[in-house]
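Colleague: need a structure here:
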Amino acid sequence: MTPADHPQVRAVHAEGIATGHATFETAPAASWEEFDAAKLPAHRLVARAVGADELLGWAAVSPVSARPVYAGVVEHSVYVAAAARGRGVGRLLLDALVASTEAAGVWTLQCSVFRENTASLALHAAAGFRVVGTRERIARASTGPLAGTWRDTVLLERRSTTAGR
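Modeller: Numbering: from 1, shown residues only. Model prediction:
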């Protein structure tokens, strides 16, 4: 992923936000600088069809804490363009993200997924993630058709088979 990808990354993120089942965020990062500040540079990926410029999806990670003891724990995001969903793009991105983070010594990938997002839950299960628990009524949706609705999220993690052992 490069700064030139940001307009398409932003558009795919906006599509995910519009579903109401991808994130509590209300808008994608307005600028590359905002996105860049929140994501670790070594683990930003994009997917494109062979020979095409259209971005099909993206993945990135953020640190969960600035404390050194959590240096090997990251929270990840995977977003797939609406037109590319159901074609294996998410799995390709997630597998590449696992490989990238394991090679860098990251020992835990984690994420929170709305319990209604069954496609994401299935994707993560297939990629070796386990359910750690459900965070009930963790926050309220602030915009869209679900505004004001308390939401539950499923906390998922994948422990490295090589890093941190």
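Colleague: could you use CA atoms for every contact and neighbour count after this?
Modeller: Will do.
Colleague: can you give the contact residues for stretch 80-94?
Modeller: 12, 15-16, 45-47, 55-59, 78-79, 123, 127 (C-alpha atoms under 8 Å, 6 or more residues apart in numbering).
Colleague: go through those residues and name the one nearest residue 142.
Modeller: Lowest distance from residue 142 to these (C-alpha to C-alpha) belongs to residue 16, with 15.3 Å.
Colleague: ok, what's across the strand from the residue sitting nearest the centre point of the chain?
Modeller: Centroid-nearest residue in the chain: residue 77, 0.8 Å away (criterion: C-alpha atoms, centre = their mean). Beta-bridge pairing for residue 77 (DSSP bridges): residue 60.
Colleague: tell me the contacts of the closest residue to residue 142 other than its chain neighbours?
Modeller: In this structure, residue 142 finds its nearest non-sequential neighbour in residue 148, 5.9 Å apart by C-alpha to C-alpha, 6 or more residues apart in numbering. By C-alpha under 8 Å, 6+ apart, the contact set of residue 148 is 140-142.
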